[in-house]
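# Model the following, please.
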Amino acid sequence: EVFGLHENADITKDQQETNYFCDTVLDTEAQSGGGGGGAGGDEDEMLDALCGDILSRVPFEFDREKMFKKYPIRFDESMNTVLARRRS
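As a prediction, the model looks like this:
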């Protein structure tokens, strides 16, 4: 708690960010014309590009074993404990 938000506040923040993201995607879809049937090729291409862009920004999966070797959990090094907790 000293280095960041309380766990419940952190969960709430994450939920709000997720809701904001989903609302933004839905707003983008609505602004592109949406509805009206048809193939919707342009809309699908735009969403595919948006998803591809987002996935390209997502950090890679951490190698936990490597992280614990480099940053072992020790009482005299609190940041290592924080890193380990955030990656669990």
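# for the helix or strand containing residue 19, packing partners?
Element membership for residue 19, per DSSP states H and E: helix 7-31. With contacts defined as 3 or more Cβ pairs under 8 Å, 6 or more residues apart in numbering; DSSP states H and E, helix 7-31 has these neighbours: helix 41-57. C-betas here are computed from N, CA, C, even on glycine.
# Please identify the buried residues of the helix it packs on?
Within helix 41-57, the residues that count as buried by 16 or more other Cβ atoms under 10 Å are residue 43.
# What distance do you get for residue 70 to residue 53?
The gap separating residue 70 from residue 53 is 30 Å, by Cβ to Cβ, to the nearest Å.
# Actually, residue 67.
27 Å.
# Neighbours of residue 66, how many?
Residue 66 is flanked by 9 other residues according to other Cβ atoms under 10 Å.
# One more: residue 64?
11.
# give me phi/psi at it?
For residue 64, the backbone dihedrals (degrees, to the nearest 10) come out as phi -60, psi -40.
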